[in-house]
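Asks: Quick one: sequence and predicted model below, then my questions.
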Amino acid sequence: MLAKLSKFIPINLLLALALTLQSGAVNSQAATKRPTRKPNVLFIAVDDLNNDLGCYRHPLVKSPNIDRLAHRGVKFDRAYCQFPLCSPSRSSLMTGRQPDTIRVYDLKKHFRETLPDVVTLPQLFQRHGYFAARVGKIYHYGNPGDIGTNGLDDPPSWNTVVNPRGVDKDEEKVLTNHTPKRGLGSSLSLYASPAPDEEHTDGKVVSETIKLLEQNRDKPFFIAAGFYRPHCPFIAPKKYFDLYPLEKIVAPKFSASGLAQIPPAALWIAQPNFGVSEQAQRESIQAYYASISFLDAQVGKLLDALDRLKLRDNTIIVFWSDHGYLLGEHGQWMKQTLFEGSARAPLIIAGPGTTAKGKASGRTVELLDLYPTLADLCNLPAPAGLAGRSLSSLLRDPRATWTKPAFTQVRRGNGANAFMGYSVRTERYRYTEWDEGRRGAEFYDYTYDSQEQHNLIGEPKYKQQVAEMKALLHEGRGLNRTQSETALIHGRNRAR
């Protein structure tokens, strides 16, 4: 070849060309062999946040930064917790096991009492060369009582932990409490603070998380930022209260007769709305929304930091809440019910592996699915026994075939008097049993009743659907049906 070309091109130029081509081939081979850096994970957990966000089409709440994250990734419109109470939900998510497997149903028991050797989600990352750190609330903290402490943490999960404490702890003595007989962690209490964002506990969560991002930007990391808002007491800087004039806040309508078809076990609060006035309800909703916007501003600072540090393209961001939160629907507040507003939670995933950017998925997914999803996206071997399923296919195509329903449970009573409520949700229906059905059941068709105003459990026209959903619930609890039959039933329920 060189001999033929030498008739037209000087030999010295031909030799230089050959050496250049050879060098390029070697460099190309080296490039293909160069290891790709593992994707990072920024794990953003929030406390008691429902789906009242702009990206979930709420008409009033302002959440531009969470909305920005949703535009970067996939937003799940039907994501459900496994137990609408902080510690059971978080313990389930972080271990990848159902509440009935880890036996955590309250705010005191630690999952390692049941499964001492379980490998938690951050432990899996640690074992494969990741730096794992927690700032704030990831496992259970008594909020606000345990702020500034380790709470009910899991030390094996982390290389580093930070427990921020802000001015909101000092402001507890000056807040307004509409339910003074209740503890602050389960109260309708609020305060429009004069202190700036960075002096609050959640502001400190941001600053400490950014420090960890800066310090570990050159190594693979799993960094969890655990926020405390919008959990009560609803303390946030005053400027966020100003976003929501009280005259625009409407308390949900409540009628005692509307509860006639609902089993008493379905209600966590015996006295509707804690017995407080409509004005107090509106003030509490205003403060909750203010807390959401305050939280949103902090999330924005984390997103900006990722951009500044040039970490965005190689960082998987997961934004999740431990459960939903009722604001007077059915006369109920907070969590610990199996109504949609309590069981449903916001969930957004962005970053590597998410090709369907800015899309929403209407498939029924569970917080349990996060463990296998992150293991899948980061190419880590997931341990045996995980109850969830990787969401990777939905991150590529949010409308992909998906036959997995969502299960949520909650406990009523204590000791020998305790019993469970179990619920299954498909894309159209919810079926709930209390105490194996002995204390009642519920069935809702969300196509026509998004507010769960009509319990259709006894309606003849829904007899077949109720039977199928009951079978689906029992299969989810391992009682009777095969997986293929479960998929068939779920497919029929979705198609109707």
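Replies: Arrived safely.
Asks: Tell me where the chain is predicted with low confidence.
Replies: For the chain, residues meeting the criterion pLDDT under 70 lie at 1-35, 479-496.
Asks: 80 instead, please
Replies: The model of the chain has pLDDT under 80 over residues 1-36, 257-258, 478-496.
Asks: in stretch 296-304, what's buried?
Replies: Across stretch 296-304, burial judged by 16 or more other CB atoms under 10 Å covers D296, A297, Q298, V299, G300, K301, L302, L303. Heads up, the C-betas are built off the backbone N, CA and C, glycines and all.
Asks: For the residue nearest to the spatial centre of the chain, which non-adjacent residue is spatially closest?
Replies: Nearest to the mean C-alpha position of the chain, counting by CA atoms, centre = their mean, stands W320 at 2.4 Å. Sequence neighbours aside, L347 is the residue nearest to W320 in space, at 5.1 Å (criterion: CB to CB, 6 or more residues apart in numbering).
Asks: what's near enough to touch the one you found?
Replies: Neighbour list for L347: K75, F76, A79, V318, F319, W320, S321, V365, L367, L370 [criterion: CB atoms under 8 Å, 6 or more residues apart in numbering].
Asks: longest strand of this protein?
Replies: strand 221-230 (DSSP state E).
Asks: After that one, which helix or strand is next?
Replies: For strand 221-230, the following helix or strand on the C-terminal side (DSSP states H and E) is strand 234-237.
Asks: Which elements pack onto that following strand?
Replies: If you count contacts as 3 or more CB pairs under 8 Å, 6 or more residues apart in numbering; DSSP states H and E, strand 234-237 packs onto strand 189-193, helix 278-308.
Asks: would you turn these into a markdown table with distance to G142?
Replies: What follows is these, written out as a markdown table (distance: least, CB to CB, whole Å):
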| stretch | distance to G142 |
| --- | --- |
| strand 189-193 | 15 |
| helix 278-308 | 18 |
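Asks: Which one of the ones you listed lies nearest to E247?
Replies: With distances scored as CB to CB, the stretch of these nearest to E247 is helix 278-308 (9.1 Å).
Asks: The stretch 1-150 of the chain: helices as residue ranges?
Replies: With helices called from DSSP state H, counting those that start in this stretch, the stretch 1-150 of the chain shows them at 2-5, 11-33, 64-72, 86-95, 99-102, 121-126.
Asks: tell me which residues of the third one are tucked away?
Replies: Read that as helix 64-72. Buried, per 16+ other CB under 10 Å, within helix 64-72: N65, I66, D67, R68, L69, A70, R72.
Asks: Would you mind writing the CA trace of it as PDB?
Replies: This file holds the C-alpha atoms of helix 64-72, laid out as PDB (Å, rounded to 0.1, in the frame of the first residue of the first chain):
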ATOM      1  CA  PRO A  64     -40.600  25.600  41.000                       C
ATOM      2  CA  ASN A  65     -37.500  23.600  42.000                       C
ATOM      3  CA  ILE A  66     -39.200  20.200  42.500                       C
ATOM      4  CA  ASP A  67     -41.000  21.000  39.200                       C
ATOM      5  CA  ARG A  68     -37.600  21.600  37.600                       C
ATOM      6  CA  LEU A  69     -36.400  18.200  38.800                       C
ATOM      7  CA  ALA A  70     -39.500  16.600  37.300                       C
ATOM      8  CA  HIS A  71     -38.700  18.100  34.000                       C
ATOM      9  CA  ARG A  72     -35.200  16.400  34.200                       C
END
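Asks: Also compute the angle for that helix relative to helix 278-308, please.
Replies: Relative orientation of helix 64-72 versus helix 278-308 (axes from the mean of the first three to the mean of the last three CA atoms, to 10 degrees): 60 degrees.
Asks: Need the residues that contact helix 64-72.
Replies: Under the contact criterion CB under 8 Å, 6+ apart, helix 64-72 has outside partners 53-55, 296-297, 299-300, 303, 317, 319, 346, 348, 350-351, 354, 357-358, 360.
Asks: Now with 6 Å, please.
Replies: By CB atoms under 6 Å, 6 or more residues apart in numbering, the list of residues contacting helix 64-72 from outside reads L53, G54, C55, D296, V299, G300, F319, I348, A350, K357, G358.
Asks: Leaving out chain neighbours, which residue sits closest to N65?
Replies: N65 sits nearest to G300 (CB to CB, 6+ apart), 3.2 Å away.
Asks: again, but for P233
Replies: In space, and not counting its chain neighbours, P233 is closest to S189: 4.0 Å by CB to CB, 6+ apart.
Asks: So that neighbour is in contact with N177, correct?
Replies: Yes: between S189 and N177 there is a contact under CB atoms under 6 Å: 4.0 Å.
Asks: So between these two, which is more surrounded?
Replies: Each of S189 and N177 has its neighbours counted (other CB atoms under 10 Å); S189 has more, 23 against 18.
Asks: residue ranges for the strands of the stretch 251-400 of the chain, please.
Replies: Using DSSP state E, counting those that start in this stretch, the strands of the stretch 251-400 of the chain run over residues 315-321, 326-327, 333-334, 347-350, 359-366.
Asks: possible to save those strands as TSV with distance to T149?
Replies: Supplementary listing: those in TSV, determined by distance: least, CB to CB, whole Å:
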stretch	distance to T149
strand 315-321	22
strand 326-327	28
strand 333-334	23
strand 347-350	28
strand 359-366	30
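Asks: separation between R428 and D445?
Replies: Per CB to CB, to the nearest Å, R428 is found 7 Å from D445.
Asks: In stretch 109-124, which residues are buried?
Replies: K109, H110, F111, R112, L115, V118, V119, T120, L121, P122, Q123, L124.
Asks: now that stretch, how far from the centre of its chain.
Replies: 19 Å (CA atoms, centre = their mean, to the nearest Å).
Asks: Name the residues that touch it?
Replies: 91, 94-95, 102-104, 132, 156-157, 222, 371, 380, 383.
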